[in-house]
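With the input below, show me the fold.
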Amino acid sequence: MQITRLDIDSHEEVYRLRDPNSGLTGFIAIHSTQLGPAAGGLRMRPYEDESEALRDVLRLSHGMTLKNAAAGLPLGGGKAVIIGDPAARKTPALLQAVGRAVESLEGRYWTAEDMGMTTADMAVIATETRHVAGLAEGLHGSGDPSPVTARGVFNAIRTALRQRFGADDLAGRVVAVQGLGNVGRNLCALLHAAGARLIVADVDPVRVVQAVEDWGAEVAEVARIHASSADVFAPCAIGGILNERTVPEVAAAIVAGAANNQLAAPGDAVALHRRGILYAPDFVANGGGIINVAAEILRCPDRETWVAEKLARLDATMGAILARAAAENVGPNEVAERVVAERMAAQAA
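Down below sits the predicted model:
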């Protein structure tokens, strides 16, 4: 196993992982431990090259610092990525190698499942390190965080509806959901149960067909769903969906979804605000999953109650951010970043 530390000014620690025996190539990035040990999931994707993977882990780990602070958690921001197709290249040996790499950081980074990972994978990683969460079994096992992430996004959508339209009733509202992975599917189920009409898109046609059968969803092209005529656009796939090309085409009044790093650049949040589109900052909207994981990391004795209380506080934080942004006539993302900075400064003091 080769673990090479990279010198990157924006982060506390960044490591390149290379294990020829298992085929592992990836990165672990610790953005900040100011609030506590860095926590963030492990993602496996067929990145084009190491440069793309490194860019992703740096952005994602920074996002985890914002997310954990916004959720009021005593955790910093970190992330790990593996280069490769999880359907073809994920093996026990590769996961065990990741576990050894995590263990080498002596608790400064805690991992959990993200895109391309499952609770079963976390169990394999746990054979090599105790600094792993999202386990299905055990005294404090929190299981798949996707349902809790979806619940947090559902709350954020209702809060944004209340800010934008004065009422949070979803009956008859149209929500365009991009991405039908674990979080997207759980979110669709919640929206459908609340009376919303769904427009969906996913690269997997089987998931799309299932959404039509389960919820009577309308189907859109993956590359065009952001332009669907809807009340809410909910990005629940990969990041960077809000960019200089797509923002002028967004037809929804609200953007609120589960994807990390939805904004390709900070200016895209400003562009949304100028168009009168209410953006629910992703690192607040999608904080439910890390709250669920945090209960496991922190060994909370009454996990369900603790998670429910934290979710309620997160929703209150979103409401306060949206209200403050409206009062100041600025974009909510700007206010959310200020809120995080204020919380981190208070902790430092």
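
tell me, what residue is most central in this structure?
residue 260 (4.3 Å; C-alpha atoms, centre = their mean).

who touches stretch 215-231?
Stretch 215-231 is contacted from outside by 161, 173-178, 188-189, 192, 197-203, 208, 211-212, 233, 235, 237, 241-242, 246, 249-254, using C-beta atoms under 8 Å, 6 or more residues apart in numbering. From N, CA and C alone the C-beta is placed, and that goes for glycine too.

how about a cut-off of 6 Å?
The contact list for stretch 215-231 (C-beta atoms under 6 Å, 6 or more residues apart in numbering) reads 173-174, 176, 178, 188, 192, 198-201, 203, 208, 211, 233, 246, 249-253.

Show me those residues that map onto helices.
Among those, the ones falling in helices (DSSP state H) are 188, 192, 208, 211.

Show me which pair in those residues is furthest apart.
192 and 208 (14.8 Å; C-beta to C-beta).

on that earlier part again, just the closest of the ones in helices among the contacts of stretch 215-231 to residue 313, please.
Nearest member of the ones in helices among the contacts of stretch 215-231 to residue 313, counting by C-beta to C-beta, is residue 188, at 25.4 Å.

Next one: that closest one from residue 302, what distance?
30 Å (C-beta to C-beta, to the nearest Å).

Same check on residue 335?
32 Å.

For these two, indicate the residue with more neighbours.
More neighbours surround residue 335 than the other of residue 335 and residue 302, with 20 against 10 (other C-beta atoms under 10 Å).

Check which helix or strand the nearest residue to the more buried one once chain neighbours are set aside maps to.
Of all residues not flanking residue 335 in the chain, residue 325 sits nearest, at 4.5 Å (C-beta to C-beta, 6 or more residues apart in numbering). Following DSSP states H and E, one finds residue 325 within helix 303-328.

Could you list every helix and strand that that helix packs against?
helix 146-165, helix 288-297, helix 332-348 (3 or more C-beta pairs under 6 Å, 6 or more residues apart in numbering; DSSP states H and E).

Pull the residues that contact the second one.
The reference is to helix 288-297. Applying C-beta under 6 Å, 6+ apart, the contact partners of helix 288-297 are 67, 71, 73, 75, 110, 112, 133-134, 140, 142, 145, 148-149, 151-152, 303, 306-307, 310-311.

Now do the domain split for this structure, please.
Domain segmentation of the chain under automatic domain parsing yields 2-66+76-125, 146-287+315-344.

Now do the buried residues in stretch 68-88.
For stretch 68-88, the neighbour count (16 or more other C-beta atoms under 10 Å) marks 68-73, 75-84, 86 as buried.

hey, C-alpha coordinates of that stretch in CSV?
Provided in CSV are the C-alpha atoms of stretch 68-88 (Å, rounded to 0.1, in the frame of the first residue of the first chain):
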residue,chain,number,x,y,z
ASN,A,68,-21.3,19.3,9.2
ALA,A,69,-21.1,22.9,10.5
ALA,A,70,-24.6,23.8,9.1
ALA,A,71,-26.0,20.7,10.8
GLY,A,72,-24.5,21.7,14.2
LEU,A,73,-22.3,18.6,14.3
PRO,A,74,-19.0,18.3,16.2
LEU,A,75,-17.3,17.0,13.1
GLY,A,76,-15.0,18.4,10.4
GLY,A,77,-15.1,17.8,6.7
GLY,A,78,-13.5,14.9,4.8
LYS,A,79,-14.1,12.6,1.9
ALA,A,80,-12.6,9.7,0.1
VAL,A,81,-12.9,8.6,-3.6
ILE,A,82,-12.0,5.4,-5.4
ILE,A,83,-11.3,5.4,-9.2
GLY,A,84,-13.3,2.6,-10.9
ASP,A,85,-16.6,1.2,-11.8
PRO,A,86,-18.2,-0.2,-8.6
ALA,A,87,-20.1,-2.8,-10.6
ALA,A,88,-17.0,-4.3,-12.1
